[in-house]
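A.B. asks: Sequence and predicted structure below; questions after.
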Amino acid sequence: MKWHRVRAVMLRHTYEVRRNLNKVFDSVVFPVLSMLMWGFFTLYLARDHRIQTSIAGLLLGAAILWGVFYSFQRDVAVGFLDELWSRNLVNIFSTPLSVSEYITGLIIVNLIRAMVGMLAVSLIAWLCYSFNIFPSLLGLVPYLLNLVLFGIALGIVITGLIFRYTTRIQGLAWSFASLLMPVSCVFYPMSSLPRWLHPIAWALPTTHAFEGMRQGLSGSGFSTLHFEWGLGLNAIYFAFAFFFFRWIFEAARARGLLVKIE
Amino acid sequence: MRTPTIEAPEPRSNNTHAAAKLIEVAHLTKLFKNFKAVDDVSFFVRRGEMVGLLGPNGAGKTTIIHMMLGLISSSGGEIRIFGKPFDANREEILQDLNFTSPYMAFPPRLTVKENLNVFAGLYGVRNGEAKISELMEKFAIEALRDKPISRLSSGETTRVGLCKAFMNDPKVLLLDEPTAYLDPQVARHVRGTLVDMQQRLATTILYTSHNMAEVEAMCGRIIFLSHGRVIATGSPIEVTQTVLKEERSEPALEEVFLHVATREHS
């Protein structure tokens, strides 16, 4: 892997962020609006229904972490769609750039974007609703890491599917994470789910990240169990995403889709 | 039928017989399901040659070029560039090879300069700023430096593509109809620039075009395709005589083209 090529991919997507107002809205404006909505909702619950402040904090913490996961996974896939929409794939893949260099550049840029978005919503939660996530942030980093790794794996799989089925299925870039949300136990513990859904929830790194986050924010300490389960599952999903993408990329080359895809 | 005259500097293929073969394509085949887009194609291009890859639409020219770039995998045969098999040496080969086609696009929101910056980075060009300025001057697009690609005409975008194609001082250049969207004056300037750069840098060029007069003026050797197969190779006059099966004193590639295209349609 050559760093100058990874940097060139980062440059390409940084220019896109600078020139495309939609990207600023996706990264900062919509997450902030979402946080404001969740903030008012938790204020209402705390004031009129006497819900404990700690529960309100858990909801806001979950909203922040889910925002990071959702936007990161979406932006990796949409970054690839940017190449399709601008018919730039032939240009970039006729250079020495490898697929892994391309994906690495895409991931770094979008990780930075996700972190900027997270910083913005965390500040809003702190300034407007007195929920300060920053002191707990260090303890949440391992769960954030698992969310980011799962976001990468999903982003790679969705990119692979777009390679194969072209822009007909581009909606997955925005909706795939939402499909997982009900069983990811973002705002409620796994015990709230019907029993038959438990195995599915347990198989998702997102569930372990949010279970662990709840444990951490409620003062019960770091959950090694949920962190390790999340990490192990991510290793499996990562390996699957890697082989799936390689297989589908080669199939796309064989079918000539790389030069026709739009 | 006499093809119109196009002014271009002297083609430089006469002294290349002893030069090394930089491109070697052997028994190349590409099947899309049951359709044979490229059928057992073999040819070579020597260092410093400018060779025309011609044929009617659907003859397989662009598919061959895409296989030479690794964008499409072959169903059979071998491509060797710089004496090395492409598949095993993709990264190394593409570092010294470049390509342009007026049919490909650039990210529309990015400016000309930003787009070229990205390619300077992808090729690891040292002093990219100076290289970009030099190429913009060469292809007369300095005034467009800060314009987004979406605001350029097709001809201007084609010239951005040419700047990209020379970004890494390629040893091998694949040009797919490089003057298709250019007006005659700009096309003449571009042809002159291409030949000048080819002569100064000894670039090996594989050139496709539907402008037969241009190919006659630019290319010392022709590979003529029909239905994915090579039907004639040689100098423009040799290809003319082979395909038309008659003695000619001057090349007539347009006539050859029409002859082959008509035969294909019938």
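C.D. replies: It's in.
A.B. asks: Is residue B:119 in contact with residue B:170, as I believe?
C.D. replies: No: under the contact definition of C-beta atoms under 8 Å, residue B:119 does not touch residue B:170, with a separation of 11.8 Å. To be clear about C-beta, it is placed using only N, CA and C from the backbone, and glycine gets the same treatment.
A.B. asks: Who has more neighbours out of these two?
C.D. replies: The neighbour comparison of residue B:119 against residue B:170 (other C-beta atoms under 10 Å in any protein chain shown) goes to residue B:119, with 25 against 21.
A.B. asks: what's the distance between that one and residue B:164?
C.D. replies: In this structure, residue B:119 and residue B:164 are separated by 5 Å, where distance is defined by C-beta to C-beta, to the nearest Å.
A.B. asks: Overlap in contacts, the two.
C.D. replies: Taking C-beta atoms under 8 Å, 6 or more residues apart in numbering or on different chains as the criterion, residue B:119 and residue B:164 both touch residue A:91.
A.B. asks: What ranges does the stretch 101-250 of chain B have for its helices?
C.D. replies: Taking DSSP state H, counting those that start in this stretch to define them, one finds helices in the stretch 101-250 of chain B at B:112-122, B:128-138, B:154-165, B:184-201, B:212-218, B:236-244.
A.B. asks: so can I have CSV of these showing mean pLDDT?
C.D. replies: Below are the helices of the stretch 101-250 of chain B laid out as CSV (pLDDT from 0 to 100):
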stretch, mean pLDDT
helix B:112-122, 97
helix B:128-138, 96
helix B:154-165, 94
helix B:184-201, 87
helix B:212-218, 91
helix B:236-244, 93
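A.B. asks: what does the stretch 151-262 of chain A have sitting close to chain B?
C.D. replies: Contacts of the stretch 151-262 of chain A with chain B, taken as C-beta under 8 Å from any C-beta of the partner chain, map to A:250, A:253-256, A:258-259.
A.B. asks: could you dump the helices of the stretch 101-250 of chain B to TSV with distance to chain A?
C.D. replies: Converted to TSV, these look like this (distance: least, C-beta to the nearest C-beta, whole Å):
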stretch	distance to chain A
helix B:112-122	3
helix B:128-138	10
helix B:154-165	7
helix B:184-201	18
helix B:212-218	22
helix B:236-244	27
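A.B. asks: And the ones you listed: which comes nearest residue B:22?
C.D. replies: Smallest distance to residue B:22 across these (C-beta to C-beta): 12.7 Å, for helix B:184-201.
A.B. asks: now the closest one, how far from the centre of its chain.
C.D. replies: What separates the centre of helix B:184-201 from the centre of its chain is 13 Å, taken as C-alpha atoms, centre = their mean, to the nearest Å.
A.B. asks: same thing with stretch B:57-76?
C.D. replies: When distances are taken as C-alpha atoms, centre = their mean, stretch B:57-76 is centred 13 Å away from the chain's centroid.
A.B. asks: how about the spatially closest residue to residue B:84 that is not a sequence neighbour, what does it touch?
C.D. replies: Closest residue to residue B:84 in three dimensions, ignoring its sequence neighbours and counting by C-beta to C-beta, 6 or more residues apart in numbering or on different chains: residue B:93, at 6.5 Å. Applying C-beta under 8 Å, 6+ apart, we find residue B:93 in contact with B:81-82, B:84, B:86.
A.B. asks: Could you verify that residue A:61 is part of a helix?
C.D. replies: Yes: using DSSP: H, G, I helix; E, B strand; the rest coil, the secondary structure at residue A:61 is a helix.
A.B. asks: And the spatially closest residue to it that is not a sequence neighbour, what's its pLDDT?
C.D. replies: Distances taken as C-beta to C-beta, 6+ apart place residue A:217 nearest to residue A:61, at 5.1 Å, with adjacent residues excluded. In the predicted model, residue A:217 carries a pLDDT score of 86.
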